[in-house]
Each structure stands twice: as structure tokens, then as C-alpha cells.
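S.K.: based on what follows, work out the 3D shape:
(one chain, ligands or ions: 2)
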Amino acid sequence: MEKVNYLAFALPAFFIFLFIEYKISKYKKLKRVFRYESSVNNISIGIAERVLSLFITASFYSLFYYIYEHYALLNISNKWYIWVTLVLTTDFIWYWYHRLGHQVNLLWAAHIVHHQSEDFNLTVAARITVFQALIRNVFWCLLPWMGFHPSLVIFILILHGVYSFFTHTQVVGKLGWLEYIFITPSLHRVHHASNEKYLDRNYGDIFVFWDKMFGTFQAEEEKPAYGLTHPIKTYSFLWQHFHYYFEIWEAIKRTNGLKNKLKIIFGSPTLMDQSIRPILEKKWLPQARKTNFTFSLRVYLSTQVVVSFLLMCLITYYFESLNHLEKYFGTSFIIITLIICGGLLEQRRWIYYTEWLRVLIIEGYIFISLGYSSLVIISVILTFITERIFKIDIWYKRFVLNIRL
Ligand SMILES: [Zn+2]
Ligand SMILES: [Zn+2]
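M.R.: Ligands and ions are numbered 1, 2, ... in the order given. Alright, predicted model coming up:
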């Protein structure tokens, strides 16, 4: 029988909850909950994480079993109270994984992406990267090492993921006595805010008592201003993912001595030289063009996000039975499409060439899967000639990029 991943069915539920949140925010007349560009951007990053995580999740699950079978410290049973202990233990590890994610540059480079959004809604919950998923899984290895059975661990981790999804919303106010026990949407709003009094607060995932215990608790008092203290002001898919790694690299280059260089990698983001980012942005990120989101541009952009999402669901569902060619071509198609979406949001001229790269990926896949690898070069040449003959660049720049040549 074909092995399938039924978690793929949970993915469309994301859009159902998003729709409900959108309707409630309209009904409550809440201002600036959803902006088109920012929602497209958050969802794009989430799609990339979901599809790339497929390549690492199975390896980590096998690693959990390996650690459990060879190095488990305790022989922990499957009794009901063990579940309670495991929920508390995972939450404790989450607290420290999350807190270190904010306090160590190398880890912050991955987690910063989650905090770049200046809007706050359920799409922000999707805004994590495969690098963060990787770091998180390293922390989870502690659980099978302690002696918790991997199947229990995997189940509880899914529960954590579902719980934290619902804390990313503005449509739920304070929840009375629940605020004293759980990390509620109100408390997580504080975590995402850049107001002075809200900085580095509320790291917990399910329970609030770790923050109270370790002195990082803050209730929601004034209206949160969401996003980073120094916003990055770009929708570039790649820059959002990698800018902080570049900043660390630049800071290392500017520092003398191994000890000082290590201090940058493992030091606090608050000590980073704030002049580095604007310099790098000037060098790598030319000024974005003003985007006029016409109806047709929205349709073109949204269609690409929807196609990427559906393809990601399909790859998730059949991941175990797909061959390498299908996995890598499918994933490359999605990533290139998401890079194009970021470029479209800022009307970058280079996306025209990225669009052709995507065409070549599709052609490559068709010919290689049909067993005609030698025809790939011919198809590349024919594509190039077609582009020249029909002057497709003029058409594309006029209708997609609004540039009259
Ligand atoms: Zn955080
Ligand atoms: Zn969050």
C-alpha cells in the first residue's frame, strides 16, 4: 500500500481559521489586522518551512528513536501521569529554547524571521523557517534522552504546534483566570511587540509559570506595536531568511581575535552593531519600487501562492512514495515561486529572469521524468529563442512590472 502522510489534511484547516479570524476582525472593526502584502509574505515563508521540513523531520524522528534505544537515562512508562509530566517538560524546554533563541545571535538569526512581521494575525504563526525547525528539533532530542518514548514525544510536539498557532491573534481579548495559567493570545501579543516594556518577555508556549518563575513575565497593558525594534522594511524572501546571518558574518569580519569572534556568534543580539544592517541593505537590497497592487497583479500573485500551497500539500501527502526527482523538482518549483512572490511584492526587475528559471525547471522535470534527459539542452535553447522572437520581456515588464519601455 502507498505510504501517505495524513497530516497534509490538517494544512487546509489553516485557511479555514484564517478566514474566521478575518471575518471576526472585520466584525469587531479592528484596524490593521490584515494587510495583503504582509499576509502573502507570512504565508510564503510558512509554505517554504513546511516543504523543507519534510526533508529533516523523518531524520529527526529516527534520531529520537536512536537516542531513546541507546542512551535513555530513565525507563519511563506510558502511564497517564507521564503525559502530564511530558507536557510540562516539553514546555520547560520550549521556554529555554525560545529564550535562547532571543538571546544568542546564532539562534536569533533563525528566530528573527518569526518576529519580522509588523502585523499580528494567524499568518504570523506560519512564519517560521526550516532553520528554526532544525534548532528546535535539536532541543527536542533531550526528551528521548531523558527516557520519554519517541512516539509520545512526537504526539506532544504536534500538540505544542497546534496550541501556539492559536496564540497569534488579535481577535481574542484577555481570557480572565486563564491568563494566570496559560500563555494566551494577549500574552503572546506582548512577546511579539517592540514596545520598550514588552521587550524579551513571555517566552512560554503553553504555560505562563515559567516566565513568572524566571522573571520574564509581562501582562498586556498598553497597545502592542508589532515587529522588530529595527524593522527590515523588505518583502524579499531570501533577505528575510538570511540577513541576520550576513550581519553576524560582517560583525565577525570587523572583530579581531577568536575569542571576540565567538562572542559575536554566541553573544546577545542587543550587543550587535546596529550600523551593520543599513550598510548591508544598501549594498544588497536596492530601493524597492512603489508597488501598485492592481486587481490583476493581486490575482497573479495570489494564484502563485495558492499553487505553491497546493503543491506543498501534495508533496506532504505523498512524500514517502515520491522519488528523488519528484521531491527535488517539486520543492525547487515551490521555492523559486516564493522568491518570485517576494520580488512581485516589491516589483523587482530581476523576477523576470527568475520566472524563466521556473519555466526551465518545469521543462527539465518533464524531459528527465520521460527519460529524455538529452533533450533538456535543446529545450533550453528553444526557450531562449522563443523569448527573443516574441520579445516576452516587453510584455512582462508592461503588464506585471508596470514598466513602459
Ligand atoms: Zn520569539
Ligand atoms: Zn509567535
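S.K.: from here on, just use CA atoms for contacts and neighbour counts.
M.R.: Noted.
S.K.: if I look at residue 76, how far off is residue 86?
M.R.: Residue 76 sits 10 Å away from residue 86 when distances are taken as Cα to Cα, to the nearest Å.
S.K.: now list whatever residues contact both of the two.
M.R.: Shared contacts of residue 76 and residue 86, defined by Cα atoms under 8 Å, 6 or more residues apart in numbering, comprise residue 148.
S.K.: which of these two has more neighbours?
M.R.: Between residue 76 and residue 86, counted using other Cα atoms under 10 Å, residue 86 has the larger neighbour count: 18 against 13.
S.K.: which residues touch the more buried one?
M.R.: Contacts of residue 86 were listed using Cα under 8 Å, 6+ apart, and they are 148, 153, 156.
S.K.: restricted to helices, list those residues.
M.R.: Secondary-structure check on those using DSSP state H: residues within helices are 153, 156.
S.K.: for the contacts of residue 86, give me CSV that also has neighbour count, distance to residue 373 and pLDDT.
M.R.: Output for those, formatted as CSV (neighbours: other Cα atoms under 10 Å; distance: Cα to Cα, whole Å; pLDDT from 0 to 100):
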residue, neighbour count, distance to residue 373, pLDDT
148, 24, 48, 94
153, 21, 44, 92
156, 17, 45, 91
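S.K.: which of the contacts of residue 86 sits closest to residue 20?
M.R.: Comparing the contacts of residue 86 against residue 20 with Cα to Cα places residue 156 closest, at 26.0 Å.
S.K.: who's in contact with the closest one?
M.R.: By Cα under 8 Å, 6+ apart, the neighbours of residue 156 are 86-87, 90.
S.K.: quick one: it from residue 146, how far?
M.R.: Residue 156 is 15 Å from residue 146, where distance means Cα to Cα.
S.K.: need the pLDDT of the most centrally placed residue in the chain.
M.R.: Compute the mean C-alpha point of the chain, and by Cα atoms, centre = their mean the closest residue is residue 128, 2.3 Å away. What the model reports as pLDDT for residue 128 is 94.
S.K.: what's around the residue nearest to it when sequence neighbours are not counted, how many residues?
M.R.: When the adjacent residues along the chain are set aside, residue 128 lies closest to residue 114, with 5.3 Å between them (Cα to Cα, 6 or more residues apart in numbering). Residue 114 is surrounded by 23 other residues when neighbours are defined as other Cα under 10 Å.
S.K.: for residue 225, give its distance to residue 83.
M.R.: Counting by Cα to Cα, the separation of residue 225 from residue 83 is 37 Å.
S.K.: quick one on the thing from earlier: how about the residue nearest to the centre of the chain, phi and psi?
M.R.: phi -130, psi 160 (degrees, to the nearest 10).
S.K.: which residues touch it?
M.R.: Counting by Cα under 8 Å, 6+ apart, residue 128 touches 45-46, 49, 111, 113-114.
S.K.: can you lay out the residues you listed as a markdown table showing pLDDT?
M.R.: Below are these laid out as a markdown table (pLDDT from 0 to 100):
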| residue | pLDDT |
| --- | --- |
| 45 | 97 |
| 46 | 96 |
| 49 | 96 |
| 111 | 97 |
| 113 | 97 |
| 114 | 97 |
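S.K.: so which of those residues wins on neighbours?
M.R.: For these, counting by other Cα under 10 Å, the largest number of neighbours falls to residue 45: 27 neighbours.
S.K.: where's it, which helix or strand?
M.R.: When elements are defined using DSSP states H and E, residue 45 is found to belong to helix 36-71.
S.K.: list the buried residues in that helix.
M.R.: 37-54, 60-61, 63-68 (16 or more other Cα atoms under 10 Å).
S.K.: how far off centre is that helix?
M.R.: Using Cα atoms, centre = their mean, to the nearest Å, the distance from the centre of helix 36-71 to the centre of the chain it belongs to is 10 Å.
S.K.: and that helix, what other elements does it pack with?
M.R.: Contacts defined by 3 or more Cα pairs under 8 Å, 6 or more residues apart in numbering; DSSP states H and E place helix 36-71 against helix 122-126, helix 130-140, helix 142-146, helix 150-166, helix 295-318, helix 324-345.
S.K.: distance to residue 351 added to the ones you listed, as a markdown table?
M.R.: Formatted as a markdown table, these follow (distance: least, Cα to Cα, whole Å):
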| stretch | distance to residue 351 |
| --- | --- |
| helix 122-126 | 24 |
| helix 130-140 | 24 |
| helix 142-146 | 43 |
| helix 150-166 | 32 |
| helix 295-318 | 12 |
| helix 324-345 | 6 |
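S.K.: looking at the ones you listed, which is buried most?
M.R.: Greatest average neighbour count among the helices and strands packed on helix 36-71 goes to helix 122-126 (a mean of 24), per mean count of other Cα atoms under 10 Å.
S.K.: can you name the residues in contact with that helix?
M.R.: Taking contacts as Cα under 8 Å, 6+ apart, the residues outside helix 122-126 that touch it are 17-18, 21, 39, 42-43, 45-47, 114, 117, 164-166, 168-169.
S.K.: if we can go back for a sec, out of the helices and strands packed on helix 36-71, flag the one nearest residue 283.
M.R.: Proximity to residue 283 (Cα to Cα) singles out helix 324-345 among the helices and strands packed on helix 36-71, at 17.1 Å.
S.K.: centre of the chain to the helix or strand just after the closest one, how far?
M.R.: Stepping forward along the backbone from helix 324-345, the first helix or strand reached (DSSP H and E) is helix 351-369. Averaged C-alpha coordinates place helix 351-369 at 25 Å from its chain's average position (Cα atoms, centre = their mean).
S.K.: residue contacts, residue 136?
M.R.: residue 97.
S.K.: equivalent analysis for residue 73, please.
M.R.: With contacts taken as Cα under 8 Å, 6+ apart, residue 73 has the following neighbours: 145-147.
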